[in-house]
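[1] Quick one, fold the following:
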Amino acid sequence: MRLLMLGDVIGKPGRTAVASFLRDRSELWDIIVINGENAAGGFGLTRATAIELLDAGADVITSGNHIWQHKEVLDYIDTDGVRVLRPANYPPGNQGRGYILIEKDGARILVVNLQGRQFMPMSLDCPFRTADTILRNTKADVVLVDFHAEATSEKQAMAFHLDGKATVVAGTHTHVLTADARIQARGTACITDLGMCGSRTGIIGMDPREARLRFLTGRPVRLKVDEGPLQVNGLDITLNDDHAVESIRTVNESV
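    All right, here's what the predicted structure looks like:
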């Protein structure tokens, strides 16, 4: 079995990059998980942008702290059968779901979306205990975790915490592909951040002029999505017949 997890999609350039990358080869992977956190104009997700990513080949769309950016997405993610997740450790009462179980070729594949608490804009339920509860109550052959967090230490701690329990623990949110992809002692593949899908010449996918002004002036300058040459970042995972991780490869391709 072969799995693909792609980092944060940044606006229309990111959606275009994903569609171009997956065109004519999406069937190489049995499951494709894409973080759509920034797919709509660089912030949040809409029904239309979610459908665009699903049509491009995504089996599941994960998200993070910008999932509530566009109100129209609230009813959409609460619809039965929609494979769009919001972090599972948001308090009870929020729309949508934080994990989904998919059956593919006889295998039960669990995709879990979590959000970190260090340096993030809101204090949420503990992502570690939330993960434990989900895994304890859900039987699966393959477990893929998207941990949307700022602190590298928190993301690496989650990978250590779930070693031997999850198949893959992949960090998202910082938009920079990290160089620490590895298979841990108990078999869990992990990476601190999957990077992003969008402009290679921007600042984490945004126009560098506005992003630079934020640092120079200290003002909350409105950011725009950069329109430069496109790239796709992520992790390509191969499992053996027992659903154990056999190999991993980081994806860092211009498209």
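
[2] what are the ranges of the strands in the stretch 51-200 of the chain?
    Taking DSSP state E, counting those that start in this stretch to define them, one finds strands in the stretch 51-200 of the chain at 60-62, 99-104, 107-115, 142-148, 168-172, 182-183, 189-191, 196-199.

[3] all helices in this structure, in order from the N-terminus.
    Counting by DSSP state H, the chain has helices at residues 11-22, 47-56, 72-77, 127-137, 152-161, 208-217.

[4] Now tell me what touches the longest one from outside.
    This points to helix 11-22. For helix 11-22, the external contacting residues (Cβ atoms under 8 Å, 6 or more residues apart in numbering) are 6, 8-9, 32, 34, 38-42, 49, 52-53, 56-58, 196-199, 205, 225-228, 230-232, 253, 255. Quick note: C-beta positions are derived from backbone N, CA and C, even for glycine.

[5] next one: the second one
    Counting by Cβ under 8 Å, 6+ apart, helix 47-56 makes contact with 9, 15, 18-19, 22-23, 26, 34, 36, 39-40, 61, 72-73, 76, 82-84, all of which sit outside it.

[6] Over to the third one?
    For helix 72-77, contacts defined as Cβ under 8 Å, 6+ apart pick out 44-47, 50, 67-68, 82, 84-86, 95-97.

[7] let's see it at 10 Å
    Helix 72-77 is touched from outside by 36, 40, 44-51, 61, 63, 67-68, 70, 82-86, 94-97, with contacts defined as Cβ atoms under 10 Å, 6 or more residues apart in numbering.

[8] The fourth one now?
    Outside of helix 127-137, the residues that reach it under the criterion Cβ under 10 Å, 6+ apart are 87-90, 98-99, 110, 112-117, 124-126, 140, 143, 145, 147-149, 154, 157-158, 161-162, 165-166, 169.

[9] Just the CA atoms of it, as CSV, please.
    Extracted C-alpha coordinates of helix 127-137, given in CSV (Å, rounded to 0.1, in the frame of the first residue of the first chain):
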residue,chain,number,x,y,z
PRO,A,127,-4.1,16.8,21.6
PHE,A,128,-2.2,13.9,23.1
ARG,A,129,-5.1,12.7,25.2
THR,A,130,-7.5,13.3,22.3
ALA,A,131,-5.3,11.1,20.1
ASP,A,132,-5.2,8.4,22.8
THR,A,133,-9.0,8.4,23.1
ILE,A,134,-9.6,8.1,19.3
LEU,A,135,-7.1,5.3,18.9
ARG,A,136,-8.4,3.4,21.9
ASN,A,137,-11.9,3.5,20.6
